[in-house]
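A.B. asks: after the sequence you'll find the predicted model.
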Amino acid sequence: MLTPRSGLETLKPYSVEEINWPVRLDANERPLDLPPAVKAKVAERLASLPFNRYPEISAQSLKTTIGADFGLKAANVLIGNGSSEVLEALCYAFGGAGRSIVYPSPSFSMYGIYAKLADSQPVPVELNRDYTLDADKLLAAAKQAAASVILLCNPNNPTGMIMPPEQVEYIVANTGSLVVIDEAYHEFYGQTSVHLLQKHPHVAVARTFSKAYGLAAARVGYLLANEEVTQTIGKVLLPYSVNALTLATAETVFGMRREFAGSIAENSRERDRMTAALSGLPGMTVYPSQTNFLLVKSNDAAGLVARLSARGIGVRDFSKSPGLINCIRLGIGTPAENDAVLEAVNS
Ligand code: PMP
């Protein structure tokens, strides 16, 4: 009998339904491929890339480019194979046996998995009934568990809701735990906690290229933190973990990110249109979102999912998940895709 490491037998892996829906609103992706001018530049960059050489060992040039944009040094930036990789590495580096990792719940379901993979105790702290966060309750839980890490998702997935910047600052000011603010959906919200890095050495901010910048396929994200934090996490990250194709692609996209402004603004307008259209329907609650998706609670969640899937529209069904009973997460697509959703919902 092969015996896995302790804790793995009971660990439920991250699972998503892999269905090739004609309308894919289930993974919070950008609904469109890259803007044509950006895609052409990426193709040009990749065509001249020597495929036989290893990438830069620690992604120095992308770190420098990103760091400069925030007024930070390359040493304040870590690049990962998706922000998933840097978040996981952070849990390995600052979690570990006998330590606790605290995070609000419901939130990104991987947080509990990262904590367990790092052999640490996951401590989910329930959000209020309206999915707002009670910061004092979170701080009390972190204190009681002597948490080494607090993970905050702002705006939060899957609720779409924000924590006001003052609330994030309040948490940071009242704990010695490493506070990580996962800003995967930052571009749809606009506000950030990056400025807290200047005053507080126990803050880190994670960002991704997978959402607003349409690079889910390339797998790339980053973490901003003080040098001591990045150096420690750097010990856990494997060398060459981000491949040269992805690094070149991310650098091109970062340099051309103004090309995305129009589609990000359109997505946010569409989100507000969908919120207004769905909020008026009987038996439906739409939570206020600052992201590219909506959390919708319905008296008839199963019927809603069935009507959408009958029209080839894939959404994330959380209706049987604790804390999210009767909820589905609906991505914001192109205007035509969103019209198709409204037609299905009203059918
Ligand atoms: N954080 C949050 C809140 C997310 O929703 C996701 C993706 N669903 C991630 C991190 C991971 O993104 P990636 O690894 O693609 O950068």
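C.D. replies: Thanks, I have it.

A.B. asks: okay, CA-based contacts and neighbour counts for the rest of this
C.D. replies: Noted.

A.B. asks: which parts of the protein are helices?
C.D. replies: In the chain, the segments counted as helices under DSSP state H are 36-47, 60-69, 83-94, 110-117, 135-144, 165-173, 196-199, 227-234, 244-255, 261-279, 301-310, 335-345.

A.B. asks: quick one, which of the ones you listed is packed in tightest?
C.D. replies: helix 83-94 (a mean of 23; mean count of other Cα atoms under 10 Å).

A.B. asks: what angle do that one and helix 227-234 make?
C.D. replies: Helix 83-94 runs at 100 degrees relative to helix 227-234, counting by axes from the mean of the first three to the mean of the last three Cα atoms, to 10 degrees.

A.B. asks: is the ligand within reach of helix 83-94?
C.D. replies: Yes. Residues of helix 83-94 contacting the ligand under Cα under 6 Å from any ligand atom: 83-84.

A.B. asks: now that helix against helix 110-117, angle please.
C.D. replies: Going by the same axes, to 10 degrees, helix 83-94 makes 40 degrees with helix 110-117.

A.B. asks: save the helices of the chain as JSON lines, and put in mean pLDDT too.
C.D. replies: Below are those laid out as JSON lines (pLDDT from 0 to 100):
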{"stretch": "helix 36-47", "mean pLDDT": "98"}
{"stretch": "helix 60-69", "mean pLDDT": "97"}
{"stretch": "helix 83-94", "mean pLDDT": "98"}
{"stretch": "helix 110-117", "mean pLDDT": "96"}
{"stretch": "helix 135-144", "mean pLDDT": "98"}
{"stretch": "helix 165-173", "mean pLDDT": "98"}
{"stretch": "helix 196-199", "mean pLDDT": "96"}
{"stretch": "helix 227-234", "mean pLDDT": "98"}
{"stretch": "helix 244-255", "mean pLDDT": "98"}
{"stretch": "helix 261-279", "mean pLDDT": "98"}
{"stretch": "helix 301-310", "mean pLDDT": "97"}
{"stretch": "helix 335-345", "mean pLDDT": "98"}
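
A.B. asks: in the stretch 101-250 of the chain, what residue lies closest to the ligand?
C.D. replies: Going by Cα to the nearest ligand atom, the ligand is nearest to Thr208 of the stretch 101-250 of the chain, at 4.3 Å.

A.B. asks: spatially nearest residue to Asp300 (excluding sequence neighbours)?
C.D. replies: Asn326 (7.3 Å; Cα to Cα, 6 or more residues apart in numbering).

A.B. asks: where does the one you found land on pLDDT?
C.D. replies: For Asn326, the model assigns a pLDDT of 97.

A.B. asks: near the ligand, which residues of the protein show up?
C.D. replies: 82-84, 108, 153, 157, 182, 184, 208, 210, 216, 219-221.

A.B. asks: of those residues, which belong to strands?
C.D. replies: 153, 182, 208, 221 (DSSP state E).

A.B. asks: identify the farthest-apart pair in those.
C.D. replies: Across those, no pair lies farther apart than Cys153 and Gly221, at 14.8 Å, counting by Cα to Cα.

A.B. asks: tell me how this structure divides into domains.
C.D. replies: Listed domain ranges for the chain are 23-31+261-345, 36-255 (source: automatic domain parsing).

A.B. asks: start and end of the longest one, how far apart?
C.D. replies: Using Cα to Cα, to the nearest Å, the gap from the first to the last residue of domain 36-255 comes to 15 Å.

A.B. asks: identify the bridge partners of the residue of the stretch 101-250 of the chain closest to the ligand.
C.D. replies: Taking DSSP bridges as the rule, Thr208 bridges to Gly221.

A.B. asks: so it sits against Val220, correct?
C.D. replies: Yes. Assessed by Cα atoms under 8 Å, Thr208 is found in contact with Val220 at 6.4 Å.

A.B. asks: who are the neighbours in contact with Asp182?
C.D. replies: Asp182 sits next to 151-154, 205-207 when contact means Cα atoms under 8 Å, 6 or more residues apart in numbering.
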